[in-house]
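Novice: what shape does this take:
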Amino acid sequence: QGIARDKRTSSASTKLLSMVQTEKKISPPVPRREEDRVVYAGVPPEGWDPKMPRQANDSTEGLLDPAVPIPDPYGWLRDDKRSDGEILDYLKSENDYSQSITEHLKGLQDTLYQEFLSSIQETDYTTPRPRGSYWYYTRTFQGSSYQTYCRAPKTTDSYEIDWDGTKESPILPGEEFYLDVNELAKGKPYCSVGSVKTSPSKKLIAYSVDYSGDEKYEMHVKNLETGEDLTLSEVGSGKLLEVDGLEWGKDDETLYYMTMDEQHRPFRLFQRKNWKSDKPKDTLLKEDLDDLFWCGVYKSLDDKHVFFESASKETSEVWYLSTEEEGSQSEMSCVAPRRNKVLYEVEHGHGQWFIWTNVDASPNMKLMTAPAEPNSADEWKLLEDASGNPIFDGSLAKSLDSVTVLNTHIVIQGREGGIPRVWTFDIESKVAKRLEFDEAAYDVGLLAHYETDTKSVAVSYDSMLTPPSSIEISLDDDAQRAVLKSKVVPGYNKELYGCNRMEVLSRDGKTQIPISVVYSNDTMEKVKAGDRVPVHLYGYGSYGACIEADFRSTRLPLLNRGMIYVIAHIRGGGEMGRQWYEEPNGGKYLCKENTFNDFVDVARFLIEECKWTTADKLSCEGRSAGGLLIGGAINQAPELFRVAILGVPFVDVACTMTDSTIPLTSGEWVEWGNPNEEKYHSYMMGYSPMNNIQTGKKYPSCWLTGGLHDPRVAYWEPAKFTASLRHANSKNENPICMKLDLSAGHFSASDRYKYYRELAYDFSFLLDQLKLA
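Specialist: Coordinates of the predicted model:
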């Protein structure tokens, strides 16, 4: 649909040239090119399915007319069913080539793998959190790939852990394992648990699990007293029920779940009664047929309401059903009807809605309240402190991300000064406080909270130098703090490393780009003595997502080999608030190129101003939309980088965004723009990595990864980009390699040991190309 194919079918044009190895040279696979093959942008081309949109329903922009062809010579690599023999053979040949290029690195891969394992405590547990009469937590065990969900009876409001560090010893007295993911994963190449929800009686759990990586989750209910595990099916058809999200109702008799449309978009909320019987009753509570809106279900922390949220990147709407009325009422009520480019989220407590929203076009979210009634938009009022000042007014000063409503306090998560922050607000005294920590840059966020009746909150805290710890903080006196658990990193000595927070002036002459830097002190001493050292530059820069200055033990093998690790907090992310993401000066729509420019500007800064490194010692990395970043950066300035890692990269932006038959595409039009429309087409064509590869240039060595079952960035994107890079620069001596996981999706291996193996593969290529192997 919308594709013109080369009609010639000679064996020479269809045969995949296999990898050839001689004593002098190893040749990569050469997939055939269909030079006449195109994808059309604009008005629907001949044969287009009229059910599939070419633009958003409410768009007022004109479509390109006549349609404009976009070259797509490797478009034949797309196979929605993932079953075409020729394509699978080609993908396997790419894996074989990548293996041949890294054959001599097996020893290094084993060493890296052991270093990863040596820096984690394989038998470990997460911080127990209270819920009803139990403490809930998870455990991992040496040699087991997945976590085990646990609980123990809660006899007091606090606990003391007396654990000897062995598998056999319980973390808390009376410990029980209620879901062992290792058992679920037996005989499966992939296993990822989505939601695990405990029923109101605490006798049951509902959970979802994906066995392929395509993010289609089957739904189960397990009886924790008998061990019986029931797989739920569709009503009527008897087919396996595939869900996206789930919740319990007021009691154990009622379940809520989301289903997805053909484009893999959650869009329908069902209530299921009599789920145990052969004839359960499903009621469709709400649906959203607009492809731009991604939907979800959640329950208020006080358990009084079930919410259906429908949101695009710019507009949202929330509906609710009282759990007290779920037995007699099946009609949901709307908190506030959607308004174009108004985002809002809702929590309930104290008979009110707590709403965080950008209504009235505020640059960041403001915090408001309203009576807990339908259609309450006219009643929204800013939440104020005792002096009458708004807690969050939506200004540029600080941003708001989430709100947790407790009995005595509201706990707010957001950002200020580019750093994650947590605030508490005393409902009675109307005093707001920001929780303070010693380090200048860090990552902090709330741990899971299941109960509103609490005198303290628990946060997770870490920094680039400090491993994660769980800290309990009194709501009445935030100076009263207790460390519940500190992550053990065997062999790690914090004193041997250093970190910096710096700013880089962008090419526009006014925007300061924050960067976070971590290194070994020995390496920085070499820099101070005038040496140039290897530097690894990481970035993302899309969706308003933040890459935090956090601790990763997997960085240690790089730091210990003399590398400096830099995170570029570039525009398109949300590190400096929503203005860092939104137009006119962020990294979205018609200012997306700011993302690539910022990253390249940071690279130049590291080479030319810091004088820490040189172009032949600078590597870069990004994943998913971060892979788009890396593709754009190496196209713009291939001479700046020696090595590039592109994980599941979104690099075929223009072709993908024209085609709503590709899952999740239409919802992305409010992130990137729609290249079918005149307004966005030429701008997107100017940065889409697949369409801007320079010819005759020396590109860096590239390592691309993908997952065959990835529903977010299809496997053919890294495959097409790999082939395109090689074709445009056939004389480039730097290897272009792709490693495709044939049993995984977007999030790589679900098995933690396999994940470390894959990461060792990536890092071995990186270190070898930098001559650090």
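Novice: can you tell me how far S144 is from D180?
Specialist: 9 Å (C-beta to C-beta, to the nearest Å). All C-beta spots, glycine's among them, are computed from the backbone N, C-alpha and C.
Novice: and Y687, by the same measure?
Specialist: Computed with C-beta to C-beta, the distance linking Y687 and D180 is 46 Å.
Novice: comparing the two, which shows the higher neighbour count?
Specialist: Y687 (21 against 17; other C-beta atoms under 10 Å).
Novice: that one touches F596, doesn't it?
Specialist: Yes. The criterion here is C-beta atoms under 8 Å, and Y687 meets it with F596 at 6.5 Å.
Novice: so what sits against both of these two?
Specialist: G632 (C-beta atoms under 8 Å, 6 or more residues apart in numbering).
Novice: tell me which element T259 falls in.
Specialist: T259 belongs to strand 254-260 when assigned by DSSP states H and E.
Novice: contacting residues around that strand?
Specialist: By C-beta under 8 Å, 6+ apart, the list of residues contacting strand 254-260 reads 206, 216, 219, 221, 241-249, 266-273, 275, 285, 295-297, 306, 326-327.
Novice: do stretch 582-596 as well
Specialist: 363, 506, 511, 541-542, 544, 570-573, 578-581, 598, 629, 632-633, 636, 671-673, 679-680, 683-684, 686-687.
Novice: in it, what counts as buried?
Specialist: E582, G586, G587, K588, Y589, C591, K592, E593, N594, T595, F596 (16 or more other C-beta atoms under 10 Å).
Novice: kindly report the same for stretch 750-770.
Specialist: 750-770.
Novice: kindly report the same for stretch 178-188.
Specialist: Under 16+ other C-beta under 10 Å, the buried positions of stretch 178-188 are Y178, L179, D180, V181, N182, L184, A185.
Novice: any idea how far V422 is from the residue nearest to E345 when sequence neighbours are not counted?
Specialist: Residue nearest to E345 in three dimensions, not counting chain neighbours: W356, with 5.4 Å by C-beta to C-beta, 6 or more residues apart in numbering. Per C-beta to C-beta, W356 is found 15 Å from V422.
Novice: the residue lying closest to G42 once chain neighbours are set aside: neighbouring residues, count only.
Specialist: Nearest residue to G42, sequence neighbours excluded (C-beta to C-beta, 6+ apart): L64, at 2.9 Å. Residues lying near L64 (other C-beta under 10 Å) number 19.
Novice: my guess is L64 contacts P45, does it?
Specialist: No. Assessed by C-beta under 8 Å, L64 is found out of contact with P45, at 10.9 Å.
Novice: hey, where'd the strands end up in the stretch 501-650 of the chain?
Specialist: 512-520, 535-538, 564-568, 618-623, 643-647 (DSSP state E, counting those that start in this stretch).
Novice: which regions of the protein lie under the pLDDT threshold?
Specialist: Filtered on pLDDT under 70, the chain yields the residue ranges 1-25.
Novice: how about P390, nearest residue that isn't a chain neighbour?
Specialist: L382 (4.3 Å).
Novice: please report phi then psi for that neighbour.
Specialist: phi -60, psi 140 (degrees, to the nearest 10).
Novice: now for it: which residues touch it?
Specialist: K366, L367, M368, P390, I391, D393.
Novice: redo the strands of the stretch 501-650 of the chain as CSV? Include distance to I473 and mean neighbour count.
Specialist: Output for the strands of the stretch 501-650 of the chain, formatted as CSV (distance: least, C-beta to C-beta, whole Å; neighbours: other C-beta atoms under 10 Å):
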stretch, distance to I473, mean neighbour count
strand 512-520, 25, 21
strand 535-538, 31, 24
strand 564-568, 27, 25
strand 618-623, 33, 25
strand 643-647, 36, 26
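Novice: picking up where we left off before, so the residue nearest to P390 versus F747, what's the distance?
Specialist: 39 Å.
Novice: the stretch 101-250 of the chain: helices as residue ranges?
Specialist: 106-118, 181-185 (DSSP state H, counting those that start in this stretch).
Novice: quick one: closest of these to D58.
Specialist: Comparison of these against D58 by C-beta to C-beta identifies helix 181-185 as nearest, at 42.4 Å.
Novice: which helices and strands sit right next to the closest one?
Specialist: Using 3 or more C-beta pairs under 8 Å, 6 or more residues apart in numbering; DSSP states H and E as the contact test, the elements touching helix 181-185 are strand 148-153.
Novice: could I get the buried residue list for the strand it packs on?
Specialist: Buried residues in strand 148-153 (16+ other C-beta under 10 Å): T148, Y149, C150, R151, A152.
Novice: now those residues in JSON lines, with distance to V444?
Specialist: Shown next, in JSON lines, are the buried residues of strand 148-153 (distance: C-beta to C-beta, whole Å):
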{"residue": "T148", "distance to V444": "27"}
{"residue": "Y149", "distance to V444": "25"}
{"residue": "C150", "distance to V444": "25"}
{"residue": "R151", "distance to V444": "26"}
{"residue": "A152", "distance to V444": "27"}
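Novice: give me the contact list for stretch 174-181.
Specialist: Outside stretch 174-181, the residues touching it (C-beta under 8 Å, 6+ apart) are 139, 146-153, 191, 193, 196, 205, 207, 222, 224.
Novice: got the phi/psi numbers for A723?
Specialist: A723 adopts backbone torsions of phi -60, psi -40, taken as degrees, to the nearest 10.
Novice: again but with S98, I slipped
Specialist: phi -60, psi -40.
Novice: tell me the contacts of it?
Specialist: W703, C737, M738, K739.
Novice: what do you get if the cut-off is 10 Å, keeping everything else the same?
Specialist: 28, 703-705, 722, 735-740, 761, 765 (C-beta atoms under 10 Å, 6 or more residues apart in numbering).
Novice: measure it to E758 for me?
Specialist: Distance of S98 to E758, given as C-beta to C-beta: 12 Å.
Novice: shared neighbours of those two, anything?
Specialist: T705, K739.
Novice: quick one, helices of the stretch 651-773 of the chain?
Specialist: Under DSSP H, counting those that start in this stretch, the stretch 651-773 of the chain gives helices at 653-658, 669-672, 678-685, 716-728, 752-769.
Novice: how far is stretch 417-429 from where the chain is centred?
Specialist: Stretch 417-429 has its C-alpha centroid displaced from the chain centroid by 25 Å (C-alpha atoms, centre = their mean, to the nearest Å).
Novice: begin at 6 from here
Specialist: Got it, first residue is 6 now, which makes that one stretch 422-434.
Novice: in it, what's buried?
Specialist: G423, I424, P425, R426, V427, W428, T429, F430, D431.
Novice: what's the answer for stretch 252-270, then?
Specialist: For stretch 252-270, by 16+ other C-beta under 10 Å, it's 252-255, 257-265, 268, 270.
Novice: please apply the same query to stretch 673-688.
Specialist: Those would be 673-686, 688, for stretch 673-688 by 16+ other C-beta under 10 Å.
Novice: measure it end to end?
Specialist: 16 Å (C-alpha to C-alpha, to the nearest Å).
Novice: again with stretch 609-624
Specialist: End-to-end for stretch 609-624, by C-alpha to C-alpha: 12 Å.
Novice: now that stretch: how far from the chain's centre is it?
Specialist: For stretch 609-624, the separation from the chain centroid amounts to 29 Å (computed by C-alpha atoms, centre = their mean).
Novice: try stretch 450-463
Specialist: Using C-alpha atoms, centre = their mean, the offset of stretch 450-463 from its chain centre is 24 Å.
Novice: now do stretch 202-219
Specialist: 21 Å.
Novice: please apply the same query to stretch 414-425.
Specialist: The answer for stretch 414-425 is 20 Å, by C-alpha atoms, centre = their mean.
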